[in-house]
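Peer 1: Sharing a model that was predicted from the sequence below.
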Amino acid sequence: MQFWPRSRAKHAIARVRYWPAESKVKPLAFIAFKAGMTHLMVNDNRPKSLTKGESIMIPSTILECPPLAVMGLAFYKLSMNGWQKVACIMAPKLDPELSRTLPLPKKQVKTFSDIKEFDDVRLLVHTNPKSVSIGSKKPKLMEIALGGSKEDKLKYAQEKLGGEVNISDAFDAGNQINIHGITKGKGMQGTVKRFGVPIRQHKAEKTKRGIGTLGSWHPNRVEYTVAQSGKMGFHLRTEYNKQIVKIGKDGKELAVKGGIIHYGFLNNAYVFIRGSVVGPKKGSVVLTHATRPNHHFVKEAPEVTYVSLEN
């Protein structure tokens, strides 16, 4: 019952339901691709750690972060029923690969002069799959909120329209972030793997993996609390308060012999995330600023002294 309903995600890219307040003008999210894991040697900078000042090994996840193309702007107005989208302005030139995902507009419907009242503006961005070795051709689309005042947001959005957004525009090394991703799909699974139902002893009658009963006599239906087999995995999950250990500008620095297993070579900027990250290799994750940050968190990133490049 920890996660209910156990429904599969609607899309392969996670959706973000809440944007934290930010005073600086910058994107509040970024789309990255999971490449794999490695281990780093860092100087421990946690003030209350038993190994403070010593060189320690930490597990780390490598995320490749190719630049996002800004294909348009979305304008919102706050009403009695919440945020309502009032207009969209598309970039004058769009990537032809976008036609794989949505029909491209033939002409511009609205201009900036037509939009007089709005309360928020967001970036419409998409990925460039050809720049990443994930084997996909379809761009992933997303709306990204901006920080700052309304006037600053509009100015920043106009500058970025038709351009690109990089990972360094949104985050710095040492930042606390949330990671929104889609877990690995496991397919059809039974009750033992799906819910942890205990396996019965070898002399049990008829079945070892059965649950025994489908529930009480009344109500005369199967309750949703009864463990049953079904599809498992491919769920939307959010991991809170992860740390960016390092932001690298060139993925060729991580020259793993033969490439990262089940991923390949890095061609773009990358980040090291402390610990593991949800999802399979080549899967997309959305990085956002922490919505409920840990105030005991060390804001400075530790100094990286060694990166393992062994498969």
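Peer 2: Done, it's in.

Peer 1: So what are the sheet partners of the longest strand seen in the chain and their directions?
Peer 2: Taking DSSP state E as the criterion, the chain has its longest strand at strand 29-43. Strand 29-43 has its sheet partners listed here by DSSP bridges as strand 55-65 (antiparallel), strand 284-289 (antiparallel), strand 304-307 (antiparallel).

Peer 1: which of those sits most buried?
Peer 2: strand 284-289 (a mean of 23; mean count of other Cβ atoms under 10 Å). C-beta: built from backbone N, CA, C; applies to glycine.

Peer 1: on that earlier part again, for the longest strand of the chain, list every residue counted as buried.
Peer 2: 29, 30, 31, 32, 33, 34, 35, 36, 37, 38, 40, 42 (16 or more other Cβ atoms under 10 Å).

Peer 1: hang on, the earlier thing: and the strands paired with strand 29-43 as JSON lines, adding mean pLDDT and distance to residue 243?
Peer 2: Formatted as JSON lines, the strands paired with strand 29-43 follow (pLDDT from 0 to 100; distance: least, Cβ to Cβ, whole Å):
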{"stretch": "strand 55-65", "mean pLDDT": "97", "distance to residue 243": "10"}
{"stretch": "strand 284-289", "mean pLDDT": "97", "distance to residue 243": "12"}
{"stretch": "strand 304-307", "mean pLDDT": "95", "distance to residue 243": "12"}
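
Peer 1: can you tell which of those strands is closest to residue 262?
Peer 2: strand 55-65 (12.4 Å; Cβ to Cβ).

Peer 1: Next secondary structure element downstream of that closest one?
Peer 2: On the C-terminal side of strand 55-65, the closest following helix or strand by DSSP states H and E is strand 68-79.

Peer 1: for that next one, packing partners?
Peer 2: strand 82-90, strand 120-126, strand 141-144, helix 150-160, strand 164-165 (3 or more Cβ pairs under 8 Å, 6 or more residues apart in numbering; DSSP states H and E).

Peer 1: picking that back up, can the strands paired with strand 29-43 go into TSV with extra columns for distance to residue 233?
Peer 2: Formatted as TSV, the strands paired with strand 29-43 follow (distance: least, Cβ to Cβ, whole Å):
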stretch	distance to residue 233
strand 55-65	19
strand 284-289	15
strand 304-307	30
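
Peer 1: So for residue 121, which of these sits nearest?
Peer 2: strand 284-289 (17.7 Å).

Peer 1: any residues touching the closest one, and which ones?
Peer 2: 12-14, 16, 19-20, 22, 28-34, 63, 127, 140, 142, 170-171, 175-182, 271, 277-279 (Cβ atoms under 8 Å, 6 or more residues apart in numbering).

Peer 1: Please apply the same query to stretch 89-97.
Peer 2: For stretch 89-97, the surrounding residues in contact (Cβ under 8 Å, 6+ apart) are 69-73, 75, 104-105, 108, 110-112, 115, 124, 126, 128-130, 137-139, 161-162.

Peer 1: ChimeraX command for the buried members of those residues?
Peer 2: Remark: buried members of these, expressed as a ChimeraX selection using 16+ other Cβ under 10 Å:
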select :69,70,71,72,73,75,115,124,126,128,129,139,161
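
Peer 1: What is the neighbour count of the closest residue to residue 251 other than its chain neighbours?
Peer 2: Closest residue to residue 251 apart from its sequence neighbours, by Cβ to Cβ, 6 or more residues apart in numbering: residue 266 at 2.6 Å. The tally of other residues near residue 266 (other Cβ atoms under 10 Å) stands at 27.

Peer 1: Pretty sure residue 266 sits against residue 65.
Peer 2: No. At 9.6 Å, residue 266 does not count as touching residue 65 under the criterion of Cβ atoms under 8 Å.

Peer 1: sec struct for residue 202, please.
Peer 2: On the three-state scheme (DSSP: H, G, I helix; E, B strand; the rest coil), residue 202 is labelled coil.

Peer 1: Adding distance to residue 54 and pLDDT as columns, could you present the buried residues of strand 29-43 in a markdown table?
Peer 2: Listed next are these as a markdown table, based on distance: Cβ to Cβ, whole Å; pLDDT from 0 to 100:
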| residue | distance to residue 54 | pLDDT |
| --- | --- | --- |
| 29 | 35 | 97 |
| 30 | 32 | 98 |
| 31 | 36 | 97 |
| 32 | 30 | 97 |
| 33 | 33 | 97 |
| 34 | 30 | 97 |
| 35 | 28 | 96 |
| 36 | 27 | 95 |
| 37 | 23 | 95 |
| 38 | 20 | 95 |
| 40 | 14 | 96 |
| 42 | 10 | 96 |
